[in-house]
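Student: sequence first, predicted coordinates after that:
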Amino acid sequence: MPELPEVETTRLGIAPYACGKRIRELVVREPRLRWPVPADLGARLRGQKILSVERRAKYLLFNTAVGTLLVHLGMSGSLRVIRKATAPQKHDHIDISLQGGIILRYCDPRRFGCFLWREPGEDHPLLRHLGPEPLSSDFHEDYLYGKSRGRKGAVKNLIMDGKVVVGVGNIYANEALFRAGVRPDRQAGRISAVRYRLLTAAIKQVLTTAIEQGGTTLKDFVGGDGKPGYFAQALLVYGREGLPCTRCNAPLRQLRLGQRTTVYCVACQR
DNA sequence: CGCTGACCCTGACGGC
DNA sequence: TGCCGTCAGGGTCAGC
């Protein structure tokens, strides 16, 4: 489920329950995630206080004095707050049991997520080559324009490339391109600086709005009914193939780019 | 270095 | 009902 807004929503939802608490134990029912959960992860975390919960790209970082627990939700993962112990369901692979009885329960049917360890000061390979955060000032029009020069691939693939900018998943790539009026399959290197200004702004806007609306999902999330819920945000193109464009009424078209479904308006996006 | 395609896994859904 | 193919919001990696 998670795109960046949902990861951020998750972070905001669990941080108040996790920060300052000690980890009682890590209960790993299924270690076979994207990479195996390290066998000594529980031993490292036991008794450690969670000093902060940060996010980098779509990774959640649980910082302790002895190192950092690195969590990715993959495609289908969720991490929710369990107030009173209930029986784990089918794909509830890991519990982070906290002092005070709260459990952070990790569910991930497809097991594309991960639980890994980072030593203090370590330059972790999974984080090493990540591009700037899309909502930071490091991500700006000149930066994206510069990155695009010489690239022959589709612009949609460029903005979904984590080495260029992190956190732009398939849904929001589609949405941002529509709002910026840029065709997803256009060669990245052949788009003007002016249009990269529009695109950069659209990416920031669409993610900001989604995070704000993710905030409304927050209560459900923390309340522990387990419903990941999706953003109430109206998606203008994603999932609307064949339906009329909200701007010009032309039927939206679909194609595949980098093995991912792409929807756009032939008339509005150039 | 840039780009493409394979791959990791389960579940939902549509067609027959 | 059941079986089969297709698709799904993540990302890494090998190979050219």
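Tutor: Thanks, I have it.

Student: contacts, neighbours, all on C-alpha from now
Tutor: Fine.

Student: what residues are up against the closest residue to DNA strand C within chain A?
Tutor: Nearest to DNA strand C in chain A, going by Cα to the nearest atom of the strand, is residue A:169, at a distance of 2.7 Å. Residues in contact with residue A:169, defined by Cα atoms under 8 Å, 6 or more residues apart in numbering, are A:3, A:4, A:160.

Student: which of those come close to DNA strand C?
Tutor: A:3, A:160 (Cα under 7 Å from any atom of the strand).

Student: out of the contacts of residue A:169, who's nearest DNA strand B?
Tutor: Using Cα to the nearest atom of the strand, residue A:160 comes nearest to DNA strand B of the contacts of residue A:169, at 10.7 Å.

Student: doesn't residue A:132 make contact with residue A:138?
Tutor: Yes. Contact status for residue A:138 versus residue A:132: in contact at 6.0 Å, counting by Cα atoms under 8 Å.

Student: neighbour-wise, which of the two wins?
Tutor: residue A:132 (20 against 14; other Cα atoms under 10 Å).

Student: my read is the more buried one is in a strand, agree?
Tutor: No. Under DSSP: H, G, I helix; E, B strand; the rest coil, residue A:132 falls outside any strand and is assigned coil.

Student: tell me the spacing between it and residue A:124.
Tutor: Using Cα to Cα, to the nearest Å, we find residue A:132 at a distance of 16 Å from residue A:124.

Student: is DNA strand B within reach of the helix or strand harbouring residue A:177?
Tutor: Assessed by DSSP states H and E, residue A:177 sits inside helix A:170-180. No. Helix A:170-180 is not in contact with DNA strand B by Cα under 7 Å from any atom of the strand; minimum separation 13.5 Å.

Student: and the stretch 151-270 of chain A, which residues reach DNA strand C?
Tutor: So the stretch 151-270 of chain A meets DNA strand C at A:160, A:162, A:166, A:167, A:168, A:169, A:170, A:171, A:230, A:259, A:260, A:261 (Cα under 7 Å from any atom of the strand).

Student: count of neighbours near residue A:154?
Tutor: Residue A:154 has 19 nearby residues by other Cα under 10 Å.

Student: same question, residue A:40
Tutor: Residue A:40: 9 neighbours (other Cα under 10 Å).

Student: residue A:192 now?
Tutor: When neighbours are defined as other Cα under 10 Å, residue A:192 has 12 of them.

Student: so who does it touch?
Tutor: Applying Cα under 8 Å, 6+ apart, the residues near residue A:192 are residue A:145.

Student: and it, how far from residue A:182?
Tutor: Residue A:192 is 11 Å from residue A:182, by Cα to Cα.

Student: cool, and residue A:201?
Tutor: The gap separating residue A:201 from residue A:182 is 13 Å, by Cα to Cα.

Student: with residue A:214 instead?
Tutor: For residue A:214 relative to residue A:182 (Cα to Cα), the value is 26 Å.

Student: poorly predicted segments of chain A, please.
Tutor: Across chain A, residues meeting the criterion (pLDDT under 70) sit at A:1, A:215-233.

Student: what is the nearest of the residues of the stretch 151-270 of chain A next to DNA strand C to residue A:253?
Tutor: Distance ranking of those against residue A:253, using Cα to Cα, places residue A:261 first at 10.4 Å.
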